[in-house]
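*Asks:* Fold the following.
(one chain, ligands or ions: 1)
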Amino acid sequence: MAGNSEKSKVRTPAQDIVFDCPHCNKSLSIDPRGAGLMIVCPDCEQQVQVPGVPLTERNQEGAAVATPPPDSADLAEALEAAHAKIERLVESLEETRERRRYLEKVRADNMARYELISKDLVTIQNAVDRIVAIIQDATTEKTSENG
Ligand SMILES: [Zn+2]
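*Replies:* Numbers count the residues shown, from 1 in each chain. From the prediction side, this is the model:
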């Protein structure tokens with residue numbers, strides 16, 4: 001009884017693939033990850049293929065079941081949303097560029113206007129200078145008349 005339970009305890013890897021070597025009929029047990037692989041029998045040193053479906057293939061099937069279509073639909077939706085976002089960003093970028101171009105044009109216009117104003121200011125300054133000179137002349141004339 002006790003020996004039985006101990007034996008089952010030792011043979012814990014129930015998932016181990018147990019098969020007989022086709023060459024020497026020795027009972028072989030191998031880790032499930034070895035399924036489908038070619039191994040060398042430790043007894044007769046002949047190449048033996050481990051029976052069973054390779055774990056990777058089973059994993060792929062399991063993954064296919066684990067990731068149902070809704071997930072990919074969500075992904076497609078997210079991708080579409082991302083695309084829409086990018087389109088909006090590109091649009092706003094275009095708007096920003098247009099606005100920048102407009103502001104640059106306004107700035108250029110202002111610069112031109114500023115230059116015109118500067119010229120006008122020079123003209124006005126010259127006129128003021130002339131007026132000041134005329135007034136000064138008149139004042140000196142008046143003073144000399146008086147004196
Ligand atoms: Zn063998």
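*Asks:* residue closest to the middle of this protein?
*Replies:* Residue closest to the average C-alpha location in the chain (C-alpha atoms, centre = their mean): residue 82, at 10.7 Å.
*Asks:* Mind telling me what element it is part of?
*Replies:* Per DSSP states H and E: residue 82 is located in helix 69-146.
*Asks:* Show me what that helix is packed against.
*Replies:* Helices and strands touching helix 69-146, as assessed by 3 or more C-beta pairs under 8 Å, 6 or more residues apart in numbering; DSSP states H and E, are absent. In short, each C-beta sits where N, CA and C put it, glycine included.
*Asks:* which parts of the protein sit against the ion?
*Replies:* 21, 23, 24, 26, 41, 43, 44 (C-beta under 5 Å from the ion).
*Asks:* was I right about the first one contacting residue 49?
*Replies:* Going back to what we said before, that points to residue 21. No - at 10.6 Å, residue 21 does not count as touching residue 49 under the criterion of C-beta atoms under 8 Å.
*Asks:* ok, those two, which is more surrounded?
*Replies:* More crowded of residue 21 and residue 49, by other C-beta atoms under 10 Å: residue 21, with 16 against 12.
*Asks:* what about the nearest residue to that one once chain neighbours are set aside, how many residues close to it?
*Replies:* Nearest residue to residue 21 in three dimensions, chain neighbours excluded: residue 41, at 4.5 Å (C-beta to C-beta, 6 or more residues apart in numbering). Residue 41: 15 surrounding residues under other C-beta under 10 Å.
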